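Student: return a 3D structure for these sequence lines:
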Amino acid sequence: MLALVALAAWGAYALALRIGLDRLGEAADHRLDMEVGRIEAELARFDYLPALLETSPQVQQLLASPFDPALRAQASHYLHALNAIAGAETLYVLEPGGVAAAASDDGQLGTPAGQNLSYRPYLREALAGGRGRFYGIGVTSRVPGYYLAYALPRGGPVRGVATVKIDLRPAALAWRQLPGEMLLLDEHQVAILASREDWKYRPIVPLPEAERAEAATSRRYGDAPLTPLSWRMAGDGPLEPGPVREVRLDGRSYAATVHRLDAGRWRLVLLSDQGPVRAVAAAAAGGAALAAAALLLGLLVLRQRRRLVRQQLASRAALQAANDSLERRVQERTAELRATQAELVHAGQLAVLGQMSAGMVHELNQPLAALHTLSDNAVLLLERGRSDDARANLTRIAQLVHRLGRLTAQLKVFAHKRTEPPVPVLLERALREAALPHAPRLRELGVDLRTETLPADLTVMAEETRLVQVLANLVGNAADALAEVPAGTRWIAVAAQCEPGPGAAVAAPPGNPAADGVPRRDGDGMDVQDVGTALCRIVVANSGPPIPPAAQARLFEPFFTTKPAGRGLGLGLMMSAHIIQAFGGSLRLARSGEMPEGAGAAFVIELPTRPDVPASALAPALREPP
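Tutor: Now for the predicted structure:
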């Protein structure tokens, strides 16, 4: 068991380490691609200078007489102006013997002008092949840089060499701000740039004597002692682009990723810290060891349990006959119960289906009646030439058709629990939408419909389509109740106001601070107390006859109605109460003290309003008719 646990830990560690190093290598490759592109783009910026210099009259005259002081001054002035645009460290022209005939920084401390630079390899390469390149420390300025040399003129007898010195140190400074360490190795595997200053001009392997002699002759690394780094790399072979290599440097373990640049002569190395990867691998090993131990212990327990079960089976053989008889009776009883349960579920499904079908008919009757009225009116208006009014009716018909689609889409609320939270709904607009389908019938009956919301921009937390559905149902029920009331006394009042709910912000008496002792003020500067969320109370009252006491207890039961046969299905109030409850509110029959004077019946809707309603908008419950 211990061997298996150790094997699982070792396998998990190796796998997690390999995955972590692969991901580390992918991130390093992406970063190196960006750095290589940035360096090569910086070097390529100056490829246009040879063509520009060989067409310059000042440079051509200087190459004809490279030691003329006047021509040197003119050419140096031209090079200074040109370099101000190009942005190189230094720009100078060498005569074929290696003397700097002119320079952009002529006259300044550390200028190469007048110096013999024939020992530099880039001069020999340019004279031999038309172009040379070299990275080294400046002899006069002591500033390191990358030298690009071009023979002038190109394609003919060489009369001189144009040299551009580019400062790459800003790239190394930027490396220090990023994770990991970075080195730029030249063709001798010497770090010419590094994110750490103490690694610069040090090779990763000891330099052969021939390379040391060449470096001393060309003064490539200045006076640097070229002390090798404590570089230890796992595996065989040189450091080349490819898989991540493990490297130990200065006592730390790194994952090395390599990209080549400068035509393959240089290698850019990113050393990523392996510590986090190894920590994750160690955690994976620990988890695997625990899992393996738990699995093996579980198998051991199972083995012991199976042995115990075999022993118990022998002792249970005597009781099996009696158990068989009892089990048969239990199975028979269970089968009977399941059959009964299936019948009950089927009956419940049929009841729900009937209720949903009846509810759909009930909720679509009102919009369909409004569509019928509006379409008949549109025909009469067209016959009378009132096209504008007919157009308005047709527009309203389109809106009602859209509303029918929205109503049918909402029917799924009775089968599925909605997850959309309530949103602020402008109550005044919802009241207008609810009254519009009943307008023709209310005019026919002579009903005075009064609506009032305080304040006018009062909003409640609901869903507009279903809130309009509830209000329209209550207005329709009120209109039905007024059919038997004498003309001239028929009215419906819909009034809404905010009032302090449990935990609302209410006006505090002067000098009476909040419960925590800190006075607060609302948007109008009034002192308030924080006691919770405000509620909006909507009272829908009518002057019809009162509802009989025997019917009041059953108003919200499905299929209960006080209307004559064929006039109602008894589902409107039940569905309305269900919708309001989904908004976090309530729908109930108004008590006697809550109804306006002269009202026969009234219903009260209580809904939460927006949480930012100021205390100045809150008022006591409605007691008088609007």
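
Student: so where is the stretch 251-400 of the chain shaky, pLDDT-wise?
Tutor: Applying pLDDT under 70 to the stretch 251-400 of the chain flags the ranges 338, 340-363.

Student: list the contacts for Gly97?
Tutor: Asn116, Ser118 (C-beta atoms under 8 Å, 6 or more residues apart in numbering). Where C-beta positions appear, they are placed from N, C-alpha and C, glycine not excepted.

Student: and for the closest residue to Leu458 other than its chain neighbours, the neighbour number?
Tutor: Closest residue in space to Leu458, ignoring its immediate chain neighbours: Leu427 at 4.9 Å, by C-beta to C-beta, 6 or more residues apart in numbering. Applying other C-beta atoms under 10 Å, we find 26 residues neighbouring Leu427.

Student: hmm, Leu427 is touching Val494, no?
Tutor: No - counting by C-beta atoms under 8 Å, Leu427 stays clear of Val494, with 9.7 Å between them.

Student: which neighbours do these two have in common?
Tutor: Common neighbours of Leu427 and Val494 (C-beta under 8 Å, 6+ apart) are Ile538.

Student: the residue nearest to Leu458: what's it in contact with?
Tutor: Taking C-beta under 8 Å, 6+ apart as the test, what Leu427 contacts is Thr453, Leu458, Thr459, Val460, Ala496, Cys536, Ile538.

Student: just the pLDDT for it.
Tutor: Note for Leu427: predicted pLDDT of 91.

Student: and it, how far is that from Asn323?
Tutor: Going from Leu427 to Asn323 by C-beta to C-beta, to the nearest Å gives 68 Å.

Student: same question for Glu336.
Tutor: Taking C-beta to C-beta, one finds Glu336 at 20 Å from Asn323.

Student: what does Ala284 give?
Tutor: Taking C-beta to C-beta, one finds Ala284 at 50 Å from Asn323.

Student: the more surrounded of these two?
Tutor: Set side by side, Ala284 and Asn323 show more neighbours around Ala284, with 20 against 10, by other C-beta under 10 Å.

Student: which residues touch the residue nearest to that one when sequence neighbours are not counted?
Tutor: In space, Ala284 comes closest to Ala16 once its chain neighbours are excluded; the distance is 3.8 Å by C-beta to C-beta, 6+ apart. Residues in contact with Ala16, defined by C-beta under 8 Å, 6+ apart, are Val280, Ala281, Ala283, Ala284, Ala285.

Student: out of those residues, which comes closest to Pro208?
Tutor: Ala281 (38.9 Å; C-beta to C-beta).

Student: that closest one: neighbouring residues, count only.
Tutor: Going by other C-beta under 10 Å, the residues that sit close to Ala281 add up to 21.

Student: ok, now which ones touch it?
Tutor: Here Ala281 is in contact with Ala12, Tyr13, Ala14, Ala16, Leu17, Gly20 (C-beta under 8 Å, 6+ apart).

Student: ok so, going back, taking the contacts of Ala16 one by one, which sit in helices?
Tutor: Among the contacts of Ala16, DSSP state H puts Val280, Ala281, Ala283, Ala284, Ala285 in helices.
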